[in-house]
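# A structural model of the following input is requested.
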Amino acid sequence: MHLLHIVFPHIDNPFLDIILRSLAVYLFIIIAIRVFGKKELAQLSVIDLVFILLISNAVQNAMVGPDTSLEGGLVAATALFAANFTLKKILYRSRNLSDLLQGDAIPLIYDGIVNEANCKKSEISIAELEAAVREHGAKEISDVNLAMLEVDGNISVISNDYNQRSRVNHPKKHKFKGRVIQN
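Numbering: from 1, shown residues only. Prediction:
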């Protein structure tokens, strides 16, 4: 007997079974990513990419069970899209839940001084921190006013030269009163 049938013993609808399985896997993956650290989110290596591909393959059967039909796959995908959409809405409205699931930004450098405890907690080496600082145009850590490990795994850096403000990876576009504003 499956764990899902222990929790919900009277599931006779195969599509409802797929939806509940998909939601269980979705929540498991969110919790696992939260537990194992946000640093990995923005800094995917080849090893991380292979890991994500293998995880998705490993949980596929857990979501759809014996139903390998097109309909079963579409039901699982729809359940995941709906869960993701709903969770983002809930996180937007609930600061407490957002902090619980996503965590807070973590200061890594303040006024040119490395917060070694936060770097250790975040498993960011000095070499990685120095690389992030250089990616943002600062020559060295002492030139940095503030560096933060953001909730999405990126490292934001504000250097002493305020013209050097930047963000690792890609600039984000935001809509503000119908206009697109780029950071």
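# quick one, strands of the protein?
Taking DSSP state E to define them, one finds strands in the chain at 106-110, 113-114, 144-149, 155-159, 166-167, 173-176, 179-182.
# give me the helices and strands touching the fourth one, please.
Looking back up the chat, that one is strand 155-159. Helices and strands touching strand 155-159, by 3 or more Cβ pairs under 8 Å, 6 or more residues apart in numbering; DSSP states H and E, are helix 126-135, strand 144-149, strand 166-167. Every residue, glycine included, has its C-beta placed from N, CA and C.
# and the second one, what other elements does it pack with?
Right, the one you point to is strand 144-149. Contacts defined by 3+ Cβ pairs under 8 Å, 6+ apart place strand 144-149 against strand 106-110, helix 126-135, strand 155-159.
# one more pass at 10 Å, please.
The contact analysis (3 or more Cβ pairs under 10 Å, 6 or more residues apart in numbering; DSSP states H and E) places strand 144-149 against strand 106-110, strand 113-114, helix 116-122, helix 126-135, strand 155-159.
# below-threshold pLDDT in this protein: ranges please.
For the chain, the stretches with pLDDT under 70 are 1-11, 36-49, 161-183.
# if we use 50, what do you get?
Confidence mapping of the chain against pLDDT under 50 gives the ranges 1, 40, 163-177, 183.
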